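Asker: Give the three-dimensional model of this entry:
(chains A and B)
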Amino acid sequence: MTFEELLDLRQFSLSQTEKRAALVPMLNDLTRHHRAHCPPYAKLLTVIYPDYREAATLSEVPFLPVGLFKTHRLSSVSAADEFKTLTSSGTSGQQVSQIVLDRETARRQTVALTRIMTHILGPDRLPMMLIESGSLIKDRRRFNARAAGVLGMANFGRQHFYALDDDMKLDEAGLRAFLERFGSQPFLIFGFTFMVWQYLFQQIAGRNFDLSNGILVHSGGWKKLQDMAVSNAEFRMQLAQCGLRKIYNFYGMVEQVGSVYLEGEDGYLYPPNFADVIIRNPMTFTEQPVGVPGVIQVLSVLPLSYPGHSILTEDMGVVHGIDDSTCGRSGKYFSVTGRVPKAELRGCSDVHASQVVA
Amino acid sequence: MTVEQIVPAAGKVDLPTALASVVQCESLEPFSDEIIDFCASFSRSIFKDREALQYPELQALAFWMRRAELIRLREAFAALERTDALLTPRGVAFHIPPANVDTIFIYSWLLSVLTGNRNIIRLSLRVSPQTEILCRLFNQTLGAAPDSLKNSTLMVRYGHEPEITQAISAVADVRVIWGGDASVNAIRSVPLPPHARELTFPDRFSFAVIRAGAYLGLEDRRSLAEQFFNDTFWFDQMGCSSPRLVFWCGTEEDAAQAGAGFLEAVRQHAVKKNYQVQIATRLNRFTFACVAAMEGNASSYQDLTELTVLGLERLEQLGREHCGGGLLFQYRVGDLLEIVPFVNRRDQTMTYFGFDKHELTSFARKLKGRGVDRIVPTGQALNFSRFWDGNDLLLEFMRYVYIA
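Answerer: Numbers count the residues shown, from 1 in each chain, chains lettered A, B, ... in the order given. From the prediction side, this is the model:
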């Protein structure tokens, strides 16, 4: 199967066996491609995977730790073919990932994301509400992965309404006007999970805002909501009180843009046809059985311009089942349980001490 | 300027007043009975404390400070005395221990107080049970101590306030900075009185040398692995004297055989001891190995789960960077002296197995200005001693008065 053929299949339709048959040869091609075109990757394979033979299963595809993209700018294309570099949204002082894209990889990312989104949104662009302030994308100096993510999603809507002002306050009059105009037909709502909760839901809860035709797509992790003791189930239940029933969380990362893992109606995350997840034991790195949590490895056939087709993340998750979902999707379904907690450092060298007088 | 005082009594105090009390105090006579008595009863209080029992590093500290050891140190001090020069305390010592090794502040204080100095210690805001226990027992012991000791010891806890570091530095005759390059560089910019001296403990690198033939000839290989495990894993391999590189000395065949057996034995001991690293540390170790592979700092990789081993083909590959948490570089030499050109100022401790004193001494003689400050048997990497980082700490806290 070619990449284009794979994309044209209905999303979430491949059984795990079919997915393996389709993805393994493509991932092997990618391993060979990057080995030939990215010298540091070739060196890494030689040392870390000295016995590497072509993978027969998904779990045999060599994986790189996601941290490498923070310390190294890994490229499999010539400088002339570099189209742009994506960076992750790190807070100041944090190292950010650098992901090199050529035009073809960027195109694959866009097409892939479109295939996933149209699966839930339909072929037409819908009126769209963004739980963001309009200035986020206007201010080019602050342009970061968050703004890029918002812009990427904005492509799937029209008549964009940015629901927050610069102080993250909900523009209620604007919201009423939007709902009056578009609320009687399907419309799209997009935002980061905690912002949807805090700046939209908590402002309108119990008041008569009818979001029942809305399709909510949200992402960005559960850390902040976990701190407020809000689980995904609670999130879905509470939002249903505003009429919102079509709710899709997604999991994705700058290191594999385009490969997003979208929530099904059952609340679990589903890999698209061209990607997969493997949960690994955090100590031995062997594959965990269904139901046992571990570190998430993500596989994607999109990355041609950088060796990111198989990445061991710093997220923890668990696969809940394979090919037995209750919402009609095939393959694995999983959930993300959080980030790997930061290590408490010991030892003689005192990393904080430089701040004693600074 | 107020600051949180921990010793002699807990509470907010005015810093200039607290400093004045230490400055106005008289220094004590080195190794006087009152000092020895105080340290010995502090040691006893640690041994007797139920909470302290669960921390092996506190037990090691108490053992190091027991009366018999203090008497031995007094004898060592007596041996340093001369007829034409008198050893006398420097005055006020300002100790800045690292935030994350909980017993160093006491070792640093101990050698300073034994030699008669008055002491000011900065404790970081990172509170650990070990530090809390030590401060509690210290204050308890101080309750029964003479005023000369009570008034000449000050421990304060503060974060990153430069004005506090400045105020304390201004009254110091010796400043002791633990905690690695970053701390040393940061604190060095704070002025000291012109006559004052500074003792610094920067980032270090340590390694082990094992004679492959001697290892293969061992009957009880397990206990060597156990000793090595203690050297390496106690502080998640982040202690400056924990080995991060193993040199196998011998033929290729012996080294390969010894290496495989030894590493497996170390791994088994780690499993037996239920040694577990945090997931972040484990992932960091994998990332570190991948970076080393990409940058040519490693030629081979072995993942033993509890332990990651990176083989070197040439010694020039070694970058001395290290992630801690169970990663060892490995290299074979035919002869101990082959290591000499590799050694640099950053190297601190060399633990050894299978070499006699004569070989080690001629090795050390060849090092000259290069590096390596300690050469100790496997199992003793973390044992504190008055000889540290090339200094005799007893002497560093004193000065000579020449009498002609």
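
Asker: Run a quick neighbour tally on residue B:56.
Answerer: 10 (other CB atoms under 10 Å in any protein chain shown). All C-beta spots, glycine's among them, are computed from the backbone N, C-alpha and C.

Asker: per-residue pLDDT, residue A:91?
Answerer: pLDDT recorded at residue A:91 is 55.

Asker: Domains in the chain, by residue range?
Answerer: Just going to use chain A. Domain ranges of chain A: A:1-64+A:257-342, A:105-251, per automatic domain parsing.

Asker: Not quite, go with chain B.
Answerer: If you go by automatic domain parsing, chain B breaks into B:2-201+B:389-402, B:205-377.

Asker: would CSV of the domains of chain A with mean neighbour count, mean pLDDT and distance to residue B:141 be doable?
Answerer: Converted to CSV, the domains of chain A look like this (neighbours: other CB atoms under 10 Å in any protein chain shown; pLDDT from 0 to 100; distance: least, CB to CB, whole Å):
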stretch, mean neighbour count, mean pLDDT, distance to residue B:141
domain A:1-64+A:257-342, 19, 96, 36
domain A:105-251, 17, 89, 42
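
Asker: May I see these organised as TSV, with distance to chain B added?
Answerer: Below are the domains of chain A laid out as TSV (distance: least, CB to the nearest CB, whole Å):
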stretch	distance to chain B
domain A:1-64+A:257-342	4
domain A:105-251	15
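
Asker: check which helix or strand covers residue B:288.
Answerer: helix B:279-294 (DSSP states H and E).

Asker: quick one, which of the domains of chain B is nearest to chain A?
Answerer: domain B:205-377 (2.4 Å; CB to the nearest CB).

Asker: Distance across the closest one, terminal residue to terminal residue?
Answerer: 17 Å (CA to CA, to the nearest Å).

Asker: and it, does that touch chain A?
Answerer: Yes: for domain B:205-377, a contact with chain A is found by CB under 8 Å from any CB of the partner chain, at B:235-240, B:276-284, B:286-287, B:289-296, B:298-301, B:303, B:305-306, B:324-325.

Asker: Mind checking which of those residues are buried?
Answerer: B:235-240, B:277-284, B:286-287, B:289-295, B:298-299, B:301, B:306, B:324-325 (16 or more other CB atoms under 10 Å in any protein chain shown).

Asker: SS state for residue A:210?
Answerer: Under DSSP: H, G, I helix; E, B strand; the rest coil, residue A:210 falls in the coil class.

Asker: for the closest residue to it other than its chain neighbours, what are its contacts?
Answerer: Taking CB to CB, 6 or more residues apart in numbering or on different chains, and ignoring the residues beside it in sequence, residue A:210 has residue A:243 as its nearest neighbour in space, at 5.4 Å. Residues near residue A:243 by CB atoms under 8 Å, 6 or more residues apart in numbering or on different chains: A:210, A:211, A:212, A:213, A:214.

Asker: among the domains of chain B, which is nearest residue A:337?
Answerer: domain B:205-377 (11.9 Å; CB to CB).

Asker: Just the mean pLDDT for that closest one, thanks.
Answerer: On average, domain B:205-377 scores 95.
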